[in-house]
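In: Below is the sequence, then the predicted model.
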Amino acid sequence: MQTTVQNAITFSGVGLHSGAPVTMVIRPASSGFGIQFSRVDLHPTDARVPAIWNAVNQSPLCTRIENPEGVSVSTIEHVMAALVGCGVHNALIELDGPEAPILDGSSIEYVRALLAAGLRSLDAPVVAIEILKPVEARRGEAFARLVPGEGLQIDFRIDFEDKAIGTQFKRMNMSNGSFVRELSDSRTFCRKSDVDAMRAQGLALGGTMENAVVVDGDAVLSPGGLRYSDEAVRHKMLDALGDLALAGAPIIGHYIGHRAGHALTNDLLRALFADPTSYRLIECTEAQAALLPGAGVHLGELPRVA
């Protein structure tokens with residue numbers, strides 16, 4: 001069955017790029033509503049922005065969605081990953097600013113609050129997108145690919161010059177709460193030189209050593225170091241799950257990312273929906289729904305940093 005949050009959940013923090021304070025509230029929604037954002041700081045008739053692939057205004061630094069009136073919400077990938085990873089299908093997310101709060105740079109605070117609040121079942125079946133044949137998007141050497149598979153599996157490879165990151169690969173079946181246990185606390189990462197360049201352009205003003213892993217060559221500058229030796233690729237998988245959530249329904253298939261980012265995953269969704277023979281919509285059986293990310297997760301699965 002489809003789900004929504006049991007009660008409203010409030011988060012307060014700052015936007016990663018603006019550094020401005022922001023309050024965000026996740027509210028219950030009815031079946032078929034999907035995930036929608038609402039800018040409560042703006043006129044209510046223009047403020048709603050659906051979290052869907054064709055609303056993405058591509059950005060290299062985050063996932064940004066925009067409605068036809070030009071109202072946008074940025075840096076939604078971490079909360080989207082948390083919703084998918086906790087099995088939430090429908091929610092209205094209200095913000096009083098243009099960015100979701102960055103919190104600690106991962107999804108863990110969203111996940112903790114969602115699992116503590118609990119979910120409410122809705123009287124409607126889960127509709128999923130079953131991948132029928134390979135679909136791919138490429139930009140230079142980077143690519144993102146979807147191929148048929150059971151449940152959702154993510155493979156991801158990254159390759160950075162900085163020795164603190166280097167080349168990392170991870171493969172994970174996303175069923176049975178694996179997102180909550182193994183990915184949800186993995187933080188965004190960046191190189192010190194990139195931070196300096198972004199701040200010179202007035203970006204990443206809310207970024208700190210506490211909400212991102214900052215590296216410089218072979219050194220990890222953030223206090224406490226890494227949460228995992230492969231935290232960087234885990235975070236890229238977290239981002240991919242959040243960006244795939246913009247398909248508008250759970251995906252049954254195998255995602256493969258090689259040096260992929262937000263824009264490339266959105267290219268992949270656009271390629272998928274441009275070819276109606278590459279997928280079909282199905283009503284999930286109980287067995288299929290049990291394999292989706294978030295099915296049956298609970299507070300006991302929170303990782304050690306929670």
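Out: That came in fine, so what should we check first? Residues are numbered from 1 along each chain as shown.

In: Tell me the spacing between the nearest residue to residue 96 once chain neighbours are set aside and residue 71.
Out: The shortest distance from residue 96 to any non-neighbouring residue, by CB to CB, 6 or more residues apart in numbering, is to residue 41 (4.6 Å). To be clear about C-beta, it is placed using only N, CA and C from the backbone, and glycine gets the same treatment. Using CB to CB, to the nearest Å, residue 41 is found at 10 Å from residue 71.

In: ok, the two, which is more surrounded?
Out: The neighbour count for residue 41 versus residue 71, taken as other CB atoms under 10 Å, is higher for residue 71 (18 against 13).

In: For that one, give its distance to residue 117.
Out: 27 Å.

In: mind checking the SS state of residue 156?
Out: Counting by DSSP: H, G, I helix; E, B strand; the rest coil, the backbone at residue 156 sits in strand.

In: Now do it: how many residues are near it, please.
Out: Neighbour tally, residue 156, other CB under 10 Å: 25.

In: secondary structure element for residue 112?
Out: Assessed by DSSP states H and E, residue 112 sits inside helix 108-117.

In: which strands and helices sit next to that helix?
Out: Helix 108-117 sits against strand 9-14, helix 77-85, with contacts defined as 3 or more CB pairs under 8 Å, 6 or more residues apart in numbering; DSSP states H and E.

In: and those as JSON lines, adding mean pLDDT?
Out: Output for these, formatted as JSON lines (pLDDT from 0 to 100):
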{"stretch": "strand 9-14", "mean pLDDT": "97"}
{"stretch": "helix 77-85", "mean pLDDT": "98"}
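
In: Please identify the most buried of these.
Out: Sort those by mean neighbour count, taking mean count of other CB atoms under 10 Å, and helix 77-85 sits at the top with a mean of 28.

In: who does it touch, helix- and strand-wise?
Out: Short answer (3+ CB pairs under 8 Å, 6+ apart): helix 77-85 packs on strand 21-27, helix 108-117, helix 231-244.

In: which other residues reach that helix?
Out: Identification of contacts with helix 77-85 by CB atoms under 8 Å, 6 or more residues apart in numbering yields 24, 26, 35, 51, 62-63, 91, 93, 100, 102-103, 105-107, 110-111, 114, 174, 179-180, 183-184, 188, 238-239, 241-246, 250, 262, 293-294, 297.

In: Skip ahead from the helix holding residue 112 and say which helix or strand is next.
Out: Using DSSP H and E, the first helix or strand after helix 108-117 is strand 119-121.

In: Could you list every helix and strand that that following strand packs against?
Out: Here strand 119-121 touches strand 3-5, going by 3+ CB pairs under 8 Å, 6+ apart.

In: For the strand it packs on, list every residue counted as buried.
Out: For strand 3-5, burial by neighbour count (16 or more other CB atoms under 10 Å) applies to 3-5.

In: pLDDT below threshold where in the stretch 101-250 of the chain?
Out: By pLDDT under 70, the weakly predicted segments of the stretch 101-250 of the chain are 198-199, 202-207, 209.

In: got the residue ranges for the strands in it?
Out: 119-121, 127-131, 135-139, 142-147, 152-159, 167-173, 189-191, 213-216, 219-220 (DSSP state E, counting those that start in this stretch).

In: Dump the C-alpha coordinates for the longest one into CSV.
Out: What follows is the C-alpha trace of strand 152-159 in CSV, where atoms were taken according to Å, rounded to 0.1, in the frame of the first residue of the first chain:
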residue,chain,number,x,y,z
LEU,A,152,16.3,-1.6,-7.2
GLN,A,153,20.1,-2.1,-7.3
ILE,A,154,22.6,0.7,-7.5
ASP,A,155,26.2,0.3,-8.8
PHE,A,156,28.4,3.4,-8.6
ARG,A,157,32.0,4.2,-9.5
ILE,A,158,33.8,7.5,-8.9
ASP,A,159,37.3,8.6,-9.8
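
In: Alright, that wraps it up for me.
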